[in-house]
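>>> need coordinates for the below:
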Amino acid sequence: MEPVDHTPTEPSDYAALSAIYGTLLAGTALSARRRAPIPQHELPTLAVASFALSKLVVHEKVETWMRRPFVDEARREPKGRRLRYAIGELLLCTRCTGAWASLGLVALRLHSPAAGRTVATVLAAKAGNDLLQAGFKAICAHANAAESSEPQPPTVRSVRPAA
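Now for the predicted structure:
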């Protein structure tokens, strides 16, 4: 990621995003005071779910509608200037988007426990599917590479006697 001096942004653009995130975080923390805490055993599911949600938002074609105002999809670069550009950077970074995804998932879990657990479970299952798909693809690529590097048996050619 480029330093602020090398982008069409100002520090205040990033400060605005940080202020929004901080306000949402503080609001979530304040509203959590009167709610049952999230059990520690749910943390891995929430972590995997936030990974899956950030990957979905940043990389998947189905979420192009969300990125399009801020990201040049063909070049995978932020569009525009100032806050628009900063949001584009955010939407191209899985770690950055993951922070927002985590906040949203935890807030949902706190305010609507059943819905939060359901959404987190679906997203965690998606991450498991992604992991299995990547593993399967790697195994197939390895098998194909091994197969192509093995010496091939000589082919049998039928030879006809000359007439």
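
>>> what's the closest non-adjacent residue to the most centrally placed residue in the chain?
By Cα atoms, centre = their mean, the chain has its centre lying nearest to Lys55, at 1.2 Å. Leaving aside its chain neighbours, Lys55 sits nearest to Thr94 (5.8 Å; criterion: Cβ to Cβ, 6 or more residues apart in numbering). From N, CA and C alone the C-beta is placed, and that goes for glycine too.

>>> per-residue pLDDT, the one you found?
pLDDT for Thr94: 97.

>>> for the remainder of this discussion, apply numbering that starts at 10.
That works, and once the first residue is 10, the last one we named lands at Thr103.

>>> that one and Leu65 touch, don't they?
No. Shown here, Thr103 and Leu65 do not form a contact pair, counting by Cβ atoms under 8 Å, at 9.7 Å.

>>> tell me the contacts of the residue nearest to Lys64?
Residues near Thr103 by Cβ atoms under 8 Å, 6 or more residues apart in numbering: 60, 63-64, 67-68.

>>> please redo it, this time with the cut-off set to 7 Å
63-64, 67 (Cβ atoms under 7 Å, 6 or more residues apart in numbering).
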